[in-house]
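here is a sequence with its predicted model. Questions after.
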Amino acid sequence: MVKLNESAKQKLVELIARYQAAKSEIQARLSEFKRVPREEYFYEMCFCICTPQSKARHAFVVVEMLKQRDFLHHPFDPLEIVGNREHYIRFHNQKSLNLLRLQEQWQEIEREITLDIQVEAKRDRLTDSVRGIGMKEAAHFLRNIGEFGVAILDRHILKHLTLLGVIDEYPTGMNRKQYLEIEAQWKEFCHKTAIPMEEMDLLFWSMETGEILK
């Protein structure tokens, strides 16, 4: 973590004030993640496959439509849903294939999810076994089912970490080593500010969208 300049110091003051105002709502949202039933895990993974470089609200709509047609138990080509312009998901062709592969492999993947292992190891297993899921998406999925401790380093998070001086520059690309380095820097910052990483994640998102999403 670099030394804070005056701009970063001011942003830190604003961050802490925003956190105090939103803390109870953020904690309530995180409690909801811990109560997600196991039968919803498949669709949470579908959501995380759809979200990269696409609007979260569009991904919500797509997942609800997959649920309505019971995609898990009655697979079909989801391209007509994913590629619909009213709730368009970017890279719809590839993501449709990823969703189909997920459905085909779900029993095996579900076993990986429910293993009694550290969350970091679980993230690694998911990135290795699920098509279309990288470190960020695996962390996002795990957070959404109430397993905390790994960072969701999407562009909004990285922007705020840069503005706050947690990292010295916005990364244009990340390999595994760089991802883990930034994750460690963020965890150190969270420790110093006494704001848990999962709570700060939702705080950053509320600052972007005006609401606490997932």
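Cool, got the structure.

tell me the buried residues in the helix or strand containing residue 24?
Residue 24 belongs to helix 6-34 when elements are defined using DSSP states H and E. By 16 or more other Cβ atoms under 10 Å, the buried positions in helix 6-34 come out as 8, 11-12, 15, 19, 22, 26, 29-30, 33. Where you see a C-beta, it was placed from the backbone N, CA and C, and this is true even at glycine.

host element of the residue positioned nearest the centre of the chain?
Per Cα atoms, centre = their mean, the C-alpha nearest to the average position across the chain is that of residue 140, at 2.5 Å. For residue 140, the element it lies in under DSSP H and E is helix 135-144.

what's the angle between that helix and helix 6-34?
Orientation of helix 135-144 against helix 6-34 (axes from the mean of the first three to the mean of the last three Cα atoms, to 10 degrees) gives an angle of 50 degrees.

helices or strands next to helix 135-144 in the packing?
The elements that helix 135-144 packs onto, with contact taken as 3 or more Cβ pairs under 8 Å, 6 or more residues apart in numbering; DSSP states H and E, are helix 41-50, helix 119-129, helix 176-193.

and the helix or strand following the first one, what does it pack against?
Tracing the chain past helix 41-50, the next element assigned as helix or strand by DSSP H and E is helix 56-68. The contact analysis (3+ Cβ pairs under 8 Å, 6+ apart) places helix 56-68 against helix 41-50, helix 79-82.

what count of nearby residues applies to the residue lying closest to residue 38 once chain neighbours are set aside?
Distances taken as Cβ to Cβ, 6 or more residues apart in numbering place residue 114 nearest to residue 38, at 7.6 Å, with adjacent residues excluded. Residues lying near residue 114 (other Cβ atoms under 10 Å) number 11.

quick check: phi and psi at residue 114.
phi -90, psi 10 (degrees, to the nearest 10).

quick revisit: can you state the direction angle for the helix holding residue 24 and helix 41-50?
150 degrees.

domain ranges for the protein?
6-33+152-209, 38-144 (automatic domain parsing).

rewinding a little: can you list the buried residues of helix 6-34 in CSV and add pLDDT?
Below are the buried residues of helix 6-34 laid out as CSV (pLDDT from 0 to 100):
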residue, pLDDT
8, 74
11, 85
12, 87
15, 90
19, 93
22, 91
26, 94
29, 93
30, 94
33, 94
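
any low-confidence regions in the chain?
For the chain, applying pLDDT under 70 flags the ranges 1-5, 210-214.

how does it look with 90?
1-14, 52-56, 85, 155-156, 168, 172-174, 205-214 (pLDDT under 90).

before we move on, the earlier item: show me what contacts the residue nearest to the centre of the chain?
Applying Cβ atoms under 8 Å, 6 or more residues apart in numbering, we find residue 140 in contact with 48, 51, 152, 154.
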